[in-house]
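**Q** My questions concern the predicted model and sequence given below.
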Amino acid sequence: MSIQENYITEIKDLVEENKKITHPLYQKIMSGKADKELLKNFVLHRYHIKSFWTRNISAIHSKTPDVESRIALAENIFEEETGQLTNSKRHLDLFFNFGEQFGLTKEELDGLELLEETKAVIEWNNKVCGPDHHLVEAVAALIIYMEGQPPVEFNGKTMNTAMKDLYNVNKDGMDYFTIHSSHENDVEDDHAEVGFNLLKKYANTSELREKSIKALKKSIEVRMNHFTAILETVRE
């Protein structure tokens, strides 16, 4: 294989080895063992990171020289903020609707004192998309790690089917996962491909390839710590 092919393989292997489902938080949820408190806390502490997502993608969009990739990123942002490509609604609102199933309120969201691990994810996402980091670092850290994972699946169930079958979540609560974590919707399928195309085109030196891999590893670290902190909120 060429240097670039080896590089892309290394990136894909890192994502595969550190998928969300490798963490005990997701394994507990997907095995049907999560209680209402954990599921509420899952949304409560993930919500604030997701609220920055479109701003992070906007920053990547502004750095991207390739017009076709910019169009794809703009469509990603548009869908996240409006839901119009899937005839739904803003994805962050869909995520809150899921939390409502387990007692989450807007007041709890607005009054939350963020976990240190949550702050670390937000700070890293904002930093890696900022002016001190190259485009390929941001792409590897955010687009590849977040969009490059297949739908969360465990014991033959996706997150979508798990919510329906194991937790009896209604349609309003499931819409977020139908879009993001099932095999029923293909709007998100091209997002990772855009990221890989950008890496193939712009990670064109050994230094940039090394920096992007380092950025990806940092994203894995802060997110796994974040997942652990959520799990710990129901162990205290």
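**A** On my side now, so go ahead. All of these numbers come straight from a predicted model, not from anything done at the bench.
**Q** so how far is I77 from the residue nearest to G32 when sequence neighbours are not counted?
**A** Spatial nearest neighbour of G32, excluding adjacent residues (C-beta to C-beta, 6 or more residues apart in numbering): L166 at 3.8 Å. Just so you know, the C-beta spots here come from the backbone N, C-alpha and C atoms, and that holds for glycine as well. Shown here: L166 relative to I77, a distance of 32 Å by C-beta to C-beta, to the nearest Å.
**Q** Look at those two and report which has more neighbours.
**A** I77 (18 against 15; other C-beta atoms under 10 Å).
**Q** does that one count as helix, strand or coil?
**A** Of the three states, I77 takes helix according to DSSP: H, G, I helix; E, B strand; the rest coil.
**Q** Enumerate every residue touching the closest residue to it other than its chain neighbours.
**A** Leaving aside its sequence neighbours, I77 sits nearest to T54 (C-beta to C-beta, 6+ apart; 5.0 Å). Counting by C-beta atoms under 8 Å, 6 or more residues apart in numbering, T54 makes contact with 77, 80-81.
**Q** let's see it at 10 Å
**A** 61, 76-81, 90-92 (C-beta atoms under 10 Å, 6 or more residues apart in numbering).
**Q** same question, L199
**A** 4, 7-8, 11, 135-136, 139-140, 143-144, 208-209, 212.
**Q** so I8 is in which element?
**A** Counting by DSSP states H and E, the element that carries I8 is helix 3-17.
**Q** tell me which residues in that helix are buried?
**A** Neighbour-count burial for helix 3-17, counted by 16 or more other C-beta atoms under 10 Å, picks out 7-8, 11, 14-15.
**Q** Same check on stretch 71-80?
**A** In stretch 71-80, counting by 16+ other C-beta under 10 Å, buried: 72-73, 76-77, 79-80.
**Q** before we move on, back to that, can I get the contacts of L199 in TSV with distance to K200 and pLDDT?
**A** Shown next, in TSV, are the contacts of L199 (distance: C-beta to C-beta, whole Å; pLDDT from 0 to 100):
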residue	distance to K200	pLDDT
Q4	6	91
Y7	9	97
I8	7	96
I11	10	96
L135	13	98
V136	10	98
V139	11	98
A140	12	97
I143	13	95
I144	12	95
L208	12	98
R209	11	98
S212	11	98
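**Q** Identify the farthest-apart pair in the residues you listed.
**A** Farthest pair in those (C-beta to C-beta) is Q4 and I143. Separation: 17.7 Å.
**Q** Counting by contacts, list what the helix holding I8 packs against.
**A** helix 189-202, helix 206-232 (3 or more C-beta pairs under 10 Å, 6 or more residues apart in numbering; DSSP states H and E).
**Q** among those, which is nearest L115?
**A** helix 206-232 (4.8 Å).
**Q** so what does that closest one touch, helix or strand wise?
**A** helix 3-17, helix 24-30, helix 36-50, helix 116-128, helix 135-138, helix 189-202.
**Q** which parts of it are buried?
**A** 208-209, 211-213, 215-216, 218-220, 222-224, 226-227, 229-231.
**Q** I'd like the distance from that helix to the chain centre, please.
**A** Helix 206-232 has its C-alpha centroid displaced from the chain centroid by 12 Å (C-alpha atoms, centre = their mean, to the nearest Å).
**Q** same deal with stretch 52-62?
**A** 13 Å.
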